[in-house]
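Q: Next come a sequence and a model predicted from it.
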Amino acid sequence: MARLLTYNVHRCVGVDRQLDVARIAGVIADLEPDIVCLQELDVGRARTGGVDQAHAIAERLDMSFQFHPAMRVEKELYGDAILTRLPETLVRADALPTLSGLRGLEPRGALWSLINVAGVEINVMTTHLGLIPREQRLQAAALMGREWIGSPKLEGPVILTGDFNATSITRPYQILTRKLEDAQRRLGLKPSLKTFPSGFPAIRIDHCFVSEEIRVTGARTGTSPLARMASDHLPLVIDFEVSAAGDSSLA
């Protein structure tokens, strides 16, 4: 069995407005994940003291990491990361499409790593979609297209996770679930696990989508006092098993 955690860390600034990278790392460590997908990380940005947050968190967790800067402002970076102690290879890190003619939209991207879990290669992807529904639909369609989920290079189990800024009744969510299944729906969780806002979670916009080879065995959110303070999102944790190639017994 393996454990994946997805977490929008809000550039490591908590609801108390305190910048604390170690606090975020502590929240993650308490939940003991094997794979960590993070959104809203600052790397070398003046507003957060110039710290490489992806590196600093990975170092505290004794994990390797892959980082994709969705946004670059000269040497300042902002984006998403995948961390793990397991053998891993970066497959793709790239931008997602945005709407033309609209000023002020934040660039968005996605990250794809191939991670070896108990001898099985799993395609782990993380992303952070935009805020405008039309933009989200465009980005969700791109994720399902030939550069990501529909890529001819993709073989084997898939986990797509992150902050989608869209609930389960929206069209972007429906686009994503045409090829993948919501891990919480796979478990039949009622009520569902909500992650935002962290102080009083009322909305489910952080999701984990899985292919049929992934057997979801558990799900939870981090709800400790530390987790409720460290970011404006709670971390979402998924426990899973995966079938080896040609073995459908766990699918």
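A: Received it, and whenever you're ready, just let me know what you need.

Q: What ranges does the protein have for its strands?
A: Secondary structure of the chain (DSSP state E): strands at 2-8, 35-43, 64-73, 76-84, 88-95, 109-117, 120-128, 158-163, 181-182, 206-210, 214-221, 236-242.

Q: Next, format those as a markdown table and append mean pLDDT.
A: Listed next are those as a markdown table, based on pLDDT from 0 to 100:
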| stretch | mean pLDDT |
| --- | --- |
| strand 2-8 | 98 |
| strand 35-43 | 98 |
| strand 64-73 | 95 |
| strand 76-84 | 97 |
| strand 88-95 | 98 |
| strand 109-117 | 98 |
| strand 120-128 | 97 |
| strand 158-163 | 98 |
| strand 181-182 | 98 |
| strand 206-210 | 98 |
| strand 214-221 | 97 |
| strand 236-242 | 96 |
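
Q: wait, which of the ones you listed is closest to residue 200?
A: strand 214-221 (12.6 Å; CB to CB). From N, CA and C alone the C-beta is placed, and that goes for glycine too.

Q: sorry, back to before: how about the strands of the chain in TSV, adding distance to residue 148?
A: Listed next are the strands of the chain as TSV, based on distance: least, CB to CB, whole Å:
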stretch	distance to residue 148
strand 2-8	17
strand 35-43	15
strand 64-73	13
strand 76-84	14
strand 88-95	7
strand 109-117	7
strand 120-128	7
strand 158-163	8
strand 181-182	17
strand 206-210	12
strand 214-221	17
strand 236-242	19
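
Q: between those, which one is nearest to residue 18?
A: Of all the strands of the chain, strand 35-43 comes closest under CB to CB, at 14.6 Å.

Q: Does anything pack onto that closest one? Which helices or strands?
A: Contacting strand 35-43 under the criterion 3 or more CB pairs under 8 Å, 6 or more residues apart in numbering; DSSP states H and E are the following elements: strand 2-8, helix 53-61, strand 64-73, strand 76-84, strand 120-128, strand 158-163.

Q: list the helices and strands the first one packs on?
A: So the one you mean is strand 2-8. helix 21-31, strand 35-43, strand 120-128, strand 158-163, strand 206-210, strand 236-242.

Q: Same question for the second one.
A: Under the contact criterion of 3+ CB pairs under 8 Å, 6+ apart, helix 53-61 touches helix 21-31, strand 35-43, strand 64-73, strand 76-84.

Q: Please identify the deepest-packed of those.
A: strand 35-43 (a mean of 26; mean count of other CB atoms under 10 Å).

Q: Quick check: residue 217 touching residue 242?
A: No. Between residue 217 and residue 242 there is no contact under CB atoms under 8 Å: 10.6 Å.

Q: higher neighbour count, these two?
A: residue 242 (23 against 15; other CB atoms under 10 Å).

Q: so who does the more buried one touch?
A: Counting by CB atoms under 8 Å, 6 or more residues apart in numbering, residue 242 touches 2, 117-118, 120, 122, 157, 213-215, 250.

Q: In TSV: those, plus distance to residue 203.
A: Shown next, in TSV, are these (distance: CB to CB, whole Å):
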residue	distance to residue 203
2	27
117	30
118	34
120	33
122	28
157	28
213	29
214	25
215	27
250	32
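
Q: Now the buried members of those residues.
A: If you count burial by 16 or more other CB atoms under 10 Å, the buried members of the contacts of residue 242 come out as 2, 117, 120, 122, 157, 213-215, 250.

Q: want to throw those residues into TSV with distance to residue 181?
A: Compiled in TSV, the buried ones among the contacts of residue 242 are given as follows (distance: CB to CB, whole Å):
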residue	distance to residue 181
2	18
117	18
120	18
122	15
157	12
213	11
214	9
215	11
250	14
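
Q: Spatially central residue for the chain, please.
A: residue 162 (2.8 Å; CA atoms, centre = their mean).
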